[in-house]
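In: Sharing a model prediction with you, sequence too.
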Amino acid sequence: MAPGTGPSQRVTTLAAVSSLAGAVWPELPERPLLLVPLGAVEQHGHHLPLATDTTVACAVAEAAVDDLPAALLAPPLAYGASGEHEEFPGTVSIGTEALAGLLVEYGRSACRWAGRLLVVNGHGGNLDALRAAVPLLRSEGRDVAWFPCAVAGADPHAGRTETALMLHVEPGSVRLERAVAGETAPLDEVLPRLREEGVRAVSPTGVLGDPDGASAEEGAALLDGLAARLAGAVARWDVDPGGRLRG
Ligand SMILES: [Zn+2]
């Protein structure tokens, strides 16, 4: 055995385990906090990949997990409710009802050993399912909450905010030369038509916002802000009636 690779060093490494997928069961902390990224497979314009929301949710959870006591990062739930994007090839939506059912069964199972469960959500279309499933789990005595990876003042979809985050987190997947502006009216204004006719009727490219000016530096600052807000919200653990962790 080479110096420095003896059993004591291994113990140190194992004590720092924070990935559920990479762990073995005896090394899990007692009643851990389990962070579960929740995303979507959904069009994000001509320049961002379909897994954008999952990638961002994973990055936020990953950036926060090591600063949280007894916290573990679970493999992501990579599909969500994206019905309003189904006019675009590539989008796969499991719908609100199926997602809510999945979250309920996930929570019931994980909370057999997890002390707390936090769903780190990267996609706004998942909110109805979260608001149905998480309060139900809480009413059953399970300490579950969800946290939105939302940035104040962000454009709604595949615009500057998401483009900046992706330029920081996964730059090789961004086709920046193909980025174009989409519908830039405020979401409140376009929401009724969007719900009625889908995103494609409002924005043929699939973008709601304008990716112009996005940079990796901006994305790094946004990610730091989201991770810090997540860590602060976990420390307070103040859950609203819809199951959202107040940040
Ligand atoms: Zn998105």
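Out: That came in fine, so what should we check first? Please read these numbers as outputs of a predicted model, since none were measured by experiment. Residues are numbered from 1 along each chain as shown.

In: all contacts plus neighbour counts: C-alpha atoms, from now on.
Out: Fine.

In: Please enumerate the helices of this protein.
Out: 7-15, 52-65, 95-110, 127-139, 160-169, 187-197, 199-202, 216-236 (DSSP state H).

In: and the second one, how far out from the chain's middle?
Out: Pointing back at helix 52-65 there. The gap between where helix 52-65 is centred and where its chain is centred comes out at 6 Å by Cα atoms, centre = their mean, to the nearest Å.

In: Need the contact partners of it.
Out: Applying Cα atoms under 8 Å, 6 or more residues apart in numbering, the set of residues contacting helix 52-65 from outside is 18, 35-42, 44, 71-73, 76-78, 120-123, 149, 162, 165-166, 169, 223-224, 226-228, 230-231.

In: Quick one: buried ones out of those residues?
Out: Of all those considered here, the ones buried according to neighbour count by 16 or more other Cα atoms under 10 Å are 18, 35-42, 44, 71-73, 76-78, 120-123, 149, 162, 165-166, 169, 223, 226-228, 230-231.

In: Which positions are bridged to residue 37 in the beta structure?
Out: The residues paired with residue 37 through beta bridges, assigned by DSSP bridges, are residue 120.

In: Next up, the contacts around it.
Out: The contact partners of residue 37, by Cα under 8 Å, 6+ apart, come to 54, 57-58, 61, 74-78, 119-122.

In: and the gap between it and residue 103?
Out: Residue 37 sits at a distance of 12 Å from residue 103 (criterion: Cα to Cα, to the nearest Å).

In: Identify the residue spatially nearest to the residue positioned nearest the centre of the chain, adjacent ones excluded.
Out: If you average the C-alpha coordinates of the chain and look for the closest C-alpha using Cα atoms, centre = their mean, you land on residue 57, 2.5 Å from that point. With sequence-adjacent residues excluded and distances taken as Cα to Cα, 6 or more residues apart in numbering, residue 57 is closest to residue 122, at 4.7 Å.

In: export the contacts of residue 37 to JSON lines and tack on distance to residue 207?
Out: Conversion of the contacts of residue 37 to JSON lines gives the following (distance: Cα to Cα, whole Å):
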{"residue": "54", "distance to residue 207": "17"}
{"residue": "57", "distance to residue 207": "19"}
{"residue": "58", "distance to residue 207": "22"}
{"residue": "61", "distance to residue 207": "25"}
{"residue": "74", "distance to residue 207": "30"}
{"residue": "75", "distance to residue 207": "28"}
{"residue": "76", "distance to residue 207": "24"}
{"residue": "77", "distance to residue 207": "24"}
{"residue": "78", "distance to residue 207": "21"}
{"residue": "119", "distance to residue 207": "26"}
{"residue": "120", "distance to residue 207": "23"}
{"residue": "121", "distance to residue 207": "20"}
{"residue": "122", "distance to residue 207": "16"}
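
In: Name the nearest of those relative to residue 90.
Out: Taking Cα to Cα as the measure, residue 78 is the one of the contacts of residue 37 closest to residue 90, at 13.6 Å.

In: Find the nearest non-adjacent residue to that closest one, please.
Out: residue 39 (5.0 Å).

In: per-residue pLDDT, residue 186?
Out: Note for residue 186: predicted pLDDT of 87.

In: That one - how many residues pack around it?
Out: If you count neighbours by other Cα atoms under 10 Å, residue 186 ends up with 12.

In: That one: what's it in contact with?
Out: So, once contact is read as Cα under 8 Å, 6+ apart, residue 186 ends up touching nothing.

In: nearest to residue 89, of the helices of the chain?
Out: helix 199-202 (11.0 Å).

In: What mean pLDDT does the closest one get?
Out: Rounded mean pLDDT across helix 199-202 is 93.

In: How far away from the center of its chain is that helix?
Out: 24 Å.

In: Fine, thanks again, bye for now.
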